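In: structure of the sequence below:
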Amino acid sequence: MIQQDPGALYPDHLAVLCRRAEQALARGGFDHLVVPSGTLHYQVFDDRDYPYAVNPQFKAWLPLTRVPNSWIVFTPGKRPAVIFHQPFDYWHVVPDAPSGWWVEHFDIHIIRTPEEALALLPADPSRCAILGEPQSALGSYVPNNPAPVVNYLEWHRGSKTPYEIALMRQAQALGVRGHRAAEAAFRNGADEFSIHMAYCQAVGQDANELPYGNIVALNEHAAVLHYTELGRKAPQPLRSFLIDAGASAHGYASDITRTYAARGHDEFAAMIAAVDAAQQQMCAAVRPGFDYKQLHVDAHLSLMAVLKDFGVIKVSPQTALETGVSAAFFPHGIGHLIGLQVHDVAGFAASDEGGRIERPAGHPYLRLTRVLEPGMVVTIEPGLYFIDMLLNEVKDAGHGDAINWDRVDFFRPYGGIRIEDEVLCTEGEADNLTRPAFAAANG
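Out: Residues are numbered from 1 along each chain as shown. Next comes the predicted model:
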């Protein structure tokens with residue numbers, strides 16, 4: 001896949017955002033869109049701040065993620081403006097002067113204190129749709145997050161521009177670097193913390209720059225869906241390794257998961273291969289008009305077929321689904337939208353006016369219920385786990401006979417399997433963003 005230059009794609013991206021903003025403002029009856037970048041938050045009873053996180057609505061417009069107390073102002077018919085906070089400060093590193101592919105498209109105003117923005121914001125705050133967190137309030141400019149504006153913008157964020165897709169491919173390539181380094185560390189017997197450090201080194205990002213906390217799970221730890229403890233001692237023997245980790249590229253996230261078996265654990269390796277084959281079929285099913293809820297249900301059936309083949313369940317995949325047995329082994333959703341946020345917004349939205357499409361009964365953790373459209377990027381992340389708490393619930397519900405408990409005992413020490421790619425829905429075949437990045441790295 002030829003990498004496209006985001007700078008060349010940015011003008012069209014900005015034009016799309018301006019059109020969306022104009023429509024959103026019309027929906028809400030506002031004259032100006034005002035987006036603060038966010039502020040530093042301080043720990044209670046302390047002078048230490050939490051790691052800064054930029055407002056996602058801000059980084060949709062600009063590839064800037066470390067500029068607190070800055071603002072974007074869009075007024076239909078005018079060039080968008082950036083109020084760029086670059087303080088005089090000898091205690092901390094201040095943001096570099098604005099530069100890059102975006103600067104020629106904005107009116108840029110440099111301020112040295114947050115309060116200087118007041119003279120540059122639109123004169124009447126009541127005519128502004130101000131999108132941000134309450135802590136971003138400045139004088140009378142208090143985020144109001146009007147629902148008609150937010151609903152419209154978040155719905156249309158589901159359709160990625162070519163600029164966004166180019167940056168998401170960059171995030172994939174960065175994440176794959178980390179995954180390859182992490183696998184090598186695992187093969188060399190490293191503990192979870194050391195694997196995590198190898199990942200960060202390869203990606204070139206620290207824990208605060210990554211889009212989410214790395215899940216680095218050895219052996220039984222893979223049964224904890226969001227395991228982030230990072231043990232300092234490698235278990236003996238090493239049996240398995242699950243890593244769910246991404247990277248950031250100018251504010252866009254990747255979210256990649258792989259599972260590995262240690263040498264000599266051939267049956268678990270075979271189960272990983274079976275889940276991988278099923279996962280690739282699920283990825284290929286990403287196409288316009290397909291209901292993501294159905295893709296999730298189909299994933300349950302495919303995964304239960306794997307467990308049936310490995311002798312873990314005694315009933316048919318359909319029976320396992322209907323009785324809730326499948327949810328004990330696959331307790332999360334098949335995936336979610338991804339982009340500026342790892343779990344990108346409007347996954348349940350019924351339209352750009354709001355409303356909600358509910359999850360199917362019995363599947364409370366699915367994060368996307370919309371029908372797929374061209375331009376959407378979704379994760380496809382099936383998993384199989386051996387979680388005692390959930391398996392005990394199967395027994396309590398009277399369905400224990402559906403499970404071969406000897407086989408559960410065999411696989412329990414491995415924790416579980418999850419394999420995750422990001423897939424772009426196109427007018428034609430699904431475009432897997434993750435697999436080519438691995439192929440390029442391995443080539």
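
In: where exactly do the helices run in the stretch 1-150 of the chain?
Out: For the stretch 1-150 of the chain, the helices defined by DSSP state H, counting those that start in this stretch occupy 6-28, 56-59, 147-156.

In: let me have these in TSV, extended by distance to residue 192 and mean pLDDT.
Out: Every residue, glycine included, has its C-beta placed from N, CA and C. Output for those, formatted as TSV (distance: least, CB to CB, whole Å; pLDDT from 0 to 100):
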stretch	distance to residue 192	mean pLDDT
helix 6-28	34	98
helix 56-59	29	99
helix 147-156	35	99
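
In: most tightly surrounded among those helices?
Out: With neighbours defined by mean count of other CB atoms under 10 Å, none of the helices of the stretch 1-150 of the chain is more surrounded on average than helix 56-59, at a mean of 22.

In: so how far is that one from its chain's centroid?
Out: 15 Å (CA atoms, centre = their mean, to the nearest Å).

In: what about the residue nearest to the spatial centre of the chain, distance to residue 376?
Out: The centroid of the chain falls nearest to residue 342 when counting by CA atoms, centre = their mean (1.7 Å). Counting by CB to CB, to the nearest Å, the gap from residue 342 to residue 376 is 15 Å.

In: now do the contacts for the residue lying closest to residue 22 once chain neighbours are set aside.
Out: For residue 22, ignoring the flanking residues on the chain, the nearest one in space by CB to CB, 6 or more residues apart in numbering is residue 76 at 4.6 Å. Counting by CB atoms under 8 Å, 6 or more residues apart in numbering, residue 76 touches 18, 21-22, 25, 31.

In: nearest to residue 100 among the residues you listed?
Out: residue 18 (18.7 Å; CB to CB).

In: where along the stretch 301-443 of the chain do the strands fall?
Out: Along the stretch 301-443 of the chain, counting by DSSP state E, counting those that start in this stretch, strands occupy 349-351, 354-356, 377-380, 383-385, 416-418, 421-424, 431-432.

In: closest one to residue 176 among those?
Out: Closest to residue 176 of the strands of the stretch 301-443 of the chain, according to CB to CB: strand 421-424, at 10.9 Å.

In: what strands line up against the closest one, and which way round?
Out: Here strand 421-424 has these sheet partners by DSSP bridges: strand 377-380 (antiparallel), strand 431-432 (antiparallel).

In: now what about that strand, what contacts it?
Out: 160, 165, 168, 172, 254-256, 279, 283, 286, 338, 375-381, 430-435.

In: dump that strand to PDB, restricted to CA.
Out: Extracted in PDB, the C-alpha atoms of strand 421-424 (Å, rounded to 0.1, in the frame of the first residue of the first chain):
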ATOM      1  CA  ASP A 421      -7.300  -5.600  13.100                       C
ATOM      2  CA  GLU A 422      -8.700  -2.300  11.900                       C
ATOM      3  CA  VAL A 423     -10.800  -2.500   8.800                       C
ATOM      4  CA  LEU A 424     -11.900   0.300   6.400                       C
END
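
In: give me the low-pLDDT residue ranges for the chain?
Out: In the prediction, the chain carries residues with pLDDT under 70 at positions 1-2.

In: remind me, longest helix of it?
Out: helix 162-187 (DSSP state H).

In: for that one, packing partners?
Out: helix 6-28, helix 192-203, strand 240-245, strand 248-249, strand 252-253, strand 256-261, strand 421-424, helix 435-442 (3 or more CB pairs under 8 Å, 6 or more residues apart in numbering; DSSP states H and E).

In: quick check, distance from the fifth one to the centre of its chain.
Out: Taking CA atoms, centre = their mean, one finds strand 252-253 lying 7 Å from the centre of the chain it belongs to.

In: partners of it in the sheet?
Out: strand 248-249 (antiparallel).

In: give me the contacts around the strand it pairs with.
Out: Outside strand 248-249, the residues that reach it (CB under 8 Å, 6+ apart) are 65, 167-168, 170-171, 174, 205, 209-211, 254.

In: put together TSV for the residues you listed, with neighbour count on each row.
Out: Formatted as TSV, the contacts of strand 248-249 follow (neighbours: other CB atoms under 10 Å):
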residue	neighbour count
65	16
167	27
168	23
170	20
171	27
174	21
205	19
209	14
210	23
211	21
254	32
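
In: for those residues, which one is nearest residue 318?
Out: residue 254 (34.5 Å).

In: the closest one contacts residue 174, correct?
Out: Yes: counting by CB atoms under 8 Å, residue 254 touches residue 174, with 6.9 Å between them.

In: you'd agree the residue nearest to the centre of the chain is up against residue 215?
Out: No: counting by CB under 8 Å, residue 342 stays clear of residue 215, with 12.0 Å between them.

In: to residue 50, which of the strands of the stretch 301-443 of the chain lies closest?
Out: strand 377-380 (26.7 Å).

In: who touches that closest one?
Out: Applying CB under 8 Å, 6+ apart, the contact partners of strand 377-380 are 160, 165, 168, 255, 279, 282-283, 286, 292, 295, 334-339, 368, 372, 420-425, 433.

In: okay, buried residues for it please.
Out: 377-380 (16 or more other CB atoms under 10 Å).

In: now the helices for the stretch 201-350 of the chain?
Out: Under the criterion DSSP H, counting those that start in this stretch, the stretch 201-350 of the chain contains helices at 266-284, 292-309, 317-323, 325-329.

In: for the residue nearest to the centre of the chain, what are its contacts?
Out: Applying CB under 8 Å, 6+ apart, we find residue 342 in contact with 211-212, 246, 253, 255, 336.

In: so which of those wins on neighbours?
Out: residue 246 (28 neighbours; other CB atoms under 10 Å).

In: what about stretch 373-390, distance to the chain center?
Out: 12 Å.

In: ok, now stretch 304-323?
Out: Counting by CA atoms, centre = their mean, stretch 304-323 comes out at 30 Å from the chain centroid.

In: what residues of that stretch count as buried?
Out: Buried residues in stretch 304-323, defined by neighbour count with 16+ other CB under 10 Å: 304-308, 310, 312-313, 315, 317, 320-321, 323.

In: next, the nearest residue to residue 125 once chain neighbours are set aside: phi, psi?
Out: Distance criterion CB to CB, 6+ apart; nearest residue to residue 125, sequence neighbours excluded, is residue 140 at 4.5 Å. The phi/psi pair for residue 140 (degrees, to the nearest 10) reads phi -80, psi 0.
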